[in-house]
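S.K.: this one's sequence-less:
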């Protein structure tokens, strides 16, 4: 999926706004980020206020390259450098011991910081412009996803505009429109602060790929593991639409549609649509394509006239782990509220 050509004028304006402490929404390969100058404590606070984000949640620091990452960390271990060489720029966030420049507002007062080098050309252009115009090659952008806390993540500029809005009436000073995000789900987050790396959030870069790159095992951190650093997207309820979403096994889907009423549901499933269901989206068979379009599907389903959203549970193979993670968290807000008599 190709993004539109980078608009140099828009990038220059965005870099100027960041230097002035303003908020800029910009595309990455994963989702759109709500960005602020990572050095500006007041701008970071404005991100939390705009999103309604809990104050103790850390935000990911986006850097232009490994040289910049080293400034925000106390040190980068051989494992961190190996993974950066293999997967950066790209959708992998490395949680490392924080350096002096990584302040409490970024880290949620934790001793660690999450670092990522995005590959999207608009994100790279924005980082490079900010570094160049501030005469600081290690300048960085703090950026969680550009949506209200817990809502569906944005993969298009219009998603940001609908959820947060653009000034003068909205909460974002500028929204850069770089087209649809090609990966479509948030980055993999890997904790490198322990002897054995821990996967905090699955993503398009898989646990198996990381193990192969490192030549060692990677543990899967439990959601309630007290010793694991807090990281974005680990709450049980997250990525949620406004309307109730239910994950349904394939064998139960048609019965569930019948019980709820075909005119009342929106469905995401690989099966051919039932004639009576007006709102039906065909789920891609490949996990990469499914991930690329997942949030787009959820946004459209949420905006449909349906009262309930049904998603057929994807395959349980390891390459679908990140999609299971996002869908289960999206459905968690409504779990336990369904029965066959609804």
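M.R.: Arrived safely. Everything quoted here is computed from the prediction, not taken from an experiment.
S.K.: just for the stretch 151-300 of the chain, where's the confidence low?
M.R.: Within the stretch 151-300 of the chain, the stretches with pLDDT under 70 are 224, 226, 235-236.
S.K.: again, but for the stretch 1-150 of the chain
M.R.: The stretch 1-150 of the chain contains residues with pLDDT under 70 at 1.
S.K.: distance of residue 328 from residue 86?
M.R.: Computed as Cβ to Cβ, to the nearest Å, the residue 328 to residue 86 distance reads 28 Å. Where C-beta positions appear, they are placed from N, C-alpha and C, glycine not excepted.
S.K.: got it, and residue 206?
M.R.: Distance from residue 206 to residue 86, by Cβ to Cβ: 13 Å.
S.K.: next: residue 174.
M.R.: 33 Å.
S.K.: quick one, which of the two is more surrounded?
M.R.: When neighbours are counted by other Cβ atoms under 10 Å, residue 174 and residue 86 differ, and residue 174 comes out ahead with 18 against 15.
S.K.: leaving aside the residues next to it on the chain, what's closest to the more buried one?
M.R.: residue 24 (4.9 Å; Cβ to Cβ, 6 or more residues apart in numbering).
S.K.: contacting residues for that neighbour?
M.R.: Applying Cβ atoms under 8 Å, 6 or more residues apart in numbering to residue 24 gives the contacts 14, 17-18, 34-36, 126, 172-176.
S.K.: and if we set it to 7 Å?
M.R.: Contacts here follow Cβ atoms under 7 Å, 6 or more residues apart in numbering; on that basis residue 24 touches 14, 17-18, 35, 173-174, 176.
S.K.: then residue 19?
M.R.: Residue 19 neighbours (Cβ under 7 Å, 6+ apart): 37, 130, 133-134.
S.K.: name the nearest of these relative to residue 152.
M.R.: Closest approach between the contacts of residue 19 and residue 152, by Cβ to Cβ: residue 37, at 26.6 Å.
S.K.: who's the closest one bridged to?
M.R.: Residues in a beta bridge with residue 37, per DSSP bridges, are residue 141.
S.K.: wait, it touches residue 16, no?
M.R.: No: using Cβ atoms under 7 Å, residue 37 is not in contact with residue 16; the gap is 11.0 Å.
S.K.: those two: which is more packed in?
M.R.: residue 37 (24 against 15).
S.K.: return the distance of the lengthiest helix in the chain from the chain's centre.
M.R.: Ordering each helix of the chain by length in residues (DSSP state H) puts helix 287-303 first. Mean-position distance between helix 287-303 and its chain equals 13 Å (Cα atoms, centre = their mean, to the nearest Å).
S.K.: so what does the helix or strand following it touch, helix or strand wise?
M.R.: Next helix or strand after helix 287-303 toward the C-terminus (DSSP states H and E): strand 308-312. When contacts are defined as 3 or more Cβ pairs under 7 Å, 6 or more residues apart in numbering; DSSP states H and E, strand 308-312 packs onto strand 245-248, helix 253-260, strand 265-269.
S.K.: helix, strand or coil: sort out residue 9 for me.
M.R.: Classification of residue 9 using DSSP: H, G, I helix; E, B strand; the rest coil returns helix.
S.K.: that one and residue 146, how far apart?
M.R.: According to Cβ to Cβ, residue 9 and residue 146 sit 21 Å apart.
S.K.: please apply the same query to residue 14.
M.R.: Counting by Cβ to Cβ - residue 14 and residue 146 are separated by 13 Å.
S.K.: ditto for residue 192
M.R.: 27 Å.
S.K.: residue 26 contacts residue 122, doesn't it?
M.R.: Yes: using Cβ under 7 Å, residue 26 makes contact with residue 122 at a distance of 6.0 Å.
S.K.: overlap of the contact sets of these two?
M.R.: Common contacts of residue 26 and residue 122 (Cβ under 7 Å, 6+ apart): 176, 178.
S.K.: neighbour-wise, which of these two wins?
M.R.: residue 26 (30 against 25).
S.K.: need phi/psi at the closest residue to residue 147 other than its chain neighbours.
M.R.: Nearest residue to residue 147, sequence neighbours excluded (Cβ to Cβ, 6+ apart): residue 163, at 4.7 Å. Backbone torsions for residue 163, taken as degrees, to the nearest 10, come to phi -90, psi -40.
S.K.: and the strands in the stretch 151-300 of the chain, which stretches?
M.R.: Ranges of strands in the stretch 151-300 of the chain, per DSSP state E, counting those that start in this stretch, are 174-175, 188-191, 198-201, 219-220, 245-248, 265-269, 279-282.
S.K.: of these, which is nearest residue 68?
M.R.: When the strands of the stretch 151-300 of the chain are ranked by proximity to residue 68 (Cβ to Cβ), strand 188-191 comes first, at 18.5 Å.
S.K.: residues contacting the closest one, please?
M.R.: Residues from elsewhere that reach strand 188-191 (Cβ under 7 Å, 6+ apart): 91-95, 114, 197-205, 210, 221, 228-229, 231.
S.K.: right, I'll leave it there.
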